[in-house]
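> prediction below, plus the sequence it came from.
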Amino acid sequence: MSGLKELLKKGLGLGDMAFNAGEGAINWFPGHMAAARRAIRQRLKLSDLVIEVRDARLPLSSTNTDLQPHLSAKRRVVALNKKDLANPNIMHKWAHYFETRKQDCIAINAHSQSSVRKLLELVEFKLKEAICREPTLLVMVVGVPNVGKSALINSIHQIAKSRFPVQKKMKRAAVGPLPGVTQDIAGFKIAHKPSIYVLDSPGVLVPSISDIETGLKLALAGSVKDSVVGEERIAQYLLAVLDTRGTPLHWKHLNNRRLDGIEYEAEANHEYSLKNLKPKRRNPPNRSDLVYVEDLVMGVQHALYSTLTEFNGNVEDENDLECLIDLQFSALQKAMKIPHKASEARLMVSKKLLTLFRTGKLGPFILDDVPDVKPVS
Ligand SMILES: Nc1nc2c(ncn2[C@@H]2O[C@H](COP(=O)(O)OP(=O)(O)OP(=O)(O)O)[C@@H](O)[C@H]2O)c(=O)[nH]1
């Protein structure tokens, strides 16, 4: 992937990107997150177990290294959320990675109650196995922006309501970090004897952005605001990743199926398309919306497949890769039917491409590479 690395150095990371590279780490976040971090540390002291939510597409990049020393001293479950957007063929390698690191990890979809129930089973198992004296146990949910903490807490709330219909705001006396301090904490009861409460999240963590590529990955997954990095730069990075991995070459088959009459499948796939396109939408979309999305995806895949196969350069060379990406922007503009003269054409292409990627329309993906595992003794 040297073409990608060089391109990152040359054009994608530097220039006018709004970041301060002080003391080795990059700060892409406003100061108020420091307050959230303090609140999280306070709450952490009270918690008996922490659910650390990460993005399944970024099992390492969506961590917060700052908090890791505090977390590693705690009972912890890593929940790799949005597993529906992550490549299942690679997911098992990540499961193995966490296993060898002796970390409890489970891939979940926060929108699916059955998936969240499995997470809660693991949490209860870990707590009940370890603690039998305490009458009340607290579980805290932490994670960097946009990993799905609210979606997870909502699902836990639904499950909690079905288990214990009358849920009152809980109070827990004298459990604060300082003796005699009474803490009043909102949470949902999920188990009895001992009582286990899952607490509301006190805020978001700042992700650890140690290098430009981590920042771009987080931006691609939506954990860094688009406006901070710029949609075009994020889309360029996405194209560079797809090209260097050769992903568009797998889309030949899909495009042939389309020509063979995949229109018939559009009907069968309605529900899948709807869920991924707009998770919170209640009314089913009409057929023309679905056909539009199907056509858009096919057009984009075809544009990327044909530009990559017709390209004579070497994607490992950063200049060649840059040329290919420029060609792909033009091909995508055509496929997306964005008028040739539109002044903001590249931005419009970028926004559409990012939406397709983020909603899983271009297929499941894991952006982090599994590190070589050295078993923890
Ligand atoms: N496909 C998919 N989308 C999810 C999942 N969980 C959450 N989302 C979506 O991800 C986006 C962010 O989810 P939130 O629950 O708001 O994330 P958050 O971590 O609370 O975000 P912040 O408030 O920024 O910290 C929303 O559009 C959710 O619908 C999941 O398991 N799969």
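Sure thing, it's come through.

> restricting to C-alpha, output stretch 286-304 in CSV.
Taking Å, rounded to 0.1, in the frame of the first residue of the first chain, the C-alpha atoms of stretch 286-304 are listed here in CSV:
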residue,chain,number,x,y,z
ASN,A,286,-41.5,3.8,-2.6
ARG,A,287,-40.3,1.6,-5.4
SER,A,288,-38.8,4.5,-7.4
ASP,A,289,-36.6,5.4,-4.4
LEU,A,290,-35.3,1.9,-4.2
VAL,A,291,-34.7,1.6,-7.9
TYR,A,292,-32.9,5.0,-7.8
VAL,A,293,-30.5,3.7,-5.0
GLU,A,294,-30.0,0.4,-6.8
ASP,A,295,-29.1,2.2,-10.0
LEU,A,296,-26.9,4.6,-8.3
VAL,A,297,-24.9,1.8,-6.6
MET,A,298,-24.6,-0.1,-9.8
GLY,A,299,-23.5,3.0,-11.7
VAL,A,300,-20.9,3.8,-9.0
GLN,A,301,-19.6,0.3,-8.9
HIS,A,302,-19.4,0.1,-12.7
ALA,A,303,-17.6,3.5,-12.9
LEU,A,304,-15.0,2.4,-10.3
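
> buried residues in that stretch?
Buried residues in stretch 286-304, counted by 16 or more other Cβ atoms under 10 Å: 290, 293, 294, 296, 297, 298, 299, 300, 301, 302, 303, 304. For glycine as for every other residue, the C-beta is placed from the backbone atoms N, C-alpha and C.

> give me the three-state assignment for the third one.
If I follow you right, that is residue 294. With DSSP: H, G, I helix; E, B strand; the rest coil as the basis, residue 294 sits in helix.

> before we move on, the earlier item: inside helices: which ones of the buried residues of stretch 286-304?
Taking DSSP state H, the ones among these that sit in helices are 290, 293, 294, 296, 297, 298, 299, 300, 301, 302, 303, 304.

> next up, the contacts around the fifth one.
It refers to residue 297. 356, 361, 362 (Cβ atoms under 8 Å, 6 or more residues apart in numbering).

> again, only using 6 Å
Contact analysis of residue 297 by Cβ atoms under 6 Å, 6 or more residues apart in numbering lists residue 361.

> can you check the last one too?
In this structure, residue 304 makes contact with residue 248, judged by Cβ under 6 Å, 6+ apart.

> again, only this time at 7 Å
242, 248, 251, 328 (Cβ atoms under 7 Å, 6 or more residues apart in numbering).

> picking that back up, switch the ones in helices among the buried residues of stretch 286-304 over to CSV; also include pLDDT.
As requested, those are exported to CSV (pLDDT from 0 to 100):
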residue, pLDDT
290, 76
293, 86
294, 87
296, 92
297, 94
298, 93
299, 94
300, 96
301, 96
302, 95
303, 96
304, 97
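
> hmm, back to that, quick one: least confident of the contacts of residue 304?
Ranked by pLDDT, these bottom out at residue 251, which has 89.

> you'd agree that one is up against residue 301?
Yes - between residue 251 and residue 301 a contact is recorded at 4.0 Å, counting by Cβ atoms under 7 Å.

> that older thread, what's the most distant pair in the contacts of residue 304?
The largest separation in these, counting by Cβ to Cβ, is between 251 and 328 at 12.9 Å.

> neighbour count for the two, which is higher?
residue 328 (27 against 23; other Cβ atoms under 10 Å).

> ramachandran coordinates for residue 223?
Main-chain dihedrals, residue 223, degrees, to the nearest 10: phi -90, psi -10.

> distance check, it against residue 369.
Between residue 223 and residue 369 the distance, using Cβ to Cβ, to the nearest Å, works out to 18 Å.

> quick one: which of the two has more around it?
The neighbour count for residue 223 versus residue 369, taken as other Cβ under 10 Å, is higher for residue 223 (24 against 10).

> how about the helices in the stretch 51-200 of the chain?
Counting by DSSP state H, counting those that start in this stretch, the stretch 51-200 of the chain has helices at residues 68-72, 88-100, 113-130, 149-163.

> these: which one's closest to the ligand?
Of all the helices of the stretch 51-200 of the chain, helix 149-163 sits nearest to the ligand, with 3.4 Å by Cβ to the nearest ligand atom.

> any buried residues in that closest one, and which?
Buried-residue list, helix 149-163, by 16+ other Cβ under 10 Å: 149, 151, 152, 153, 155, 156, 157, 159, 160.

> tell me the spacing between the first one and residue 110.
Spelled out, that is residue 149. 8 Å.

> including mean pLDDT and distance to residue 318, could the helices of the stretch 51-200 of the chain go into JSON lines?
What follows is the helices of the stretch 51-200 of the chain, written out as JSON lines (pLDDT from 0 to 100; distance: least, Cβ to Cβ, whole Å):
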{"stretch": "helix 68-72", "mean pLDDT": "81", "distance to residue 318": "33"}
{"stretch": "helix 88-100", "mean pLDDT": "94", "distance to residue 318": "26"}
{"stretch": "helix 113-130", "mean pLDDT": "91", "distance to residue 318": "40"}
{"stretch": "helix 149-163", "mean pLDDT": "89", "distance to residue 318": "37"}
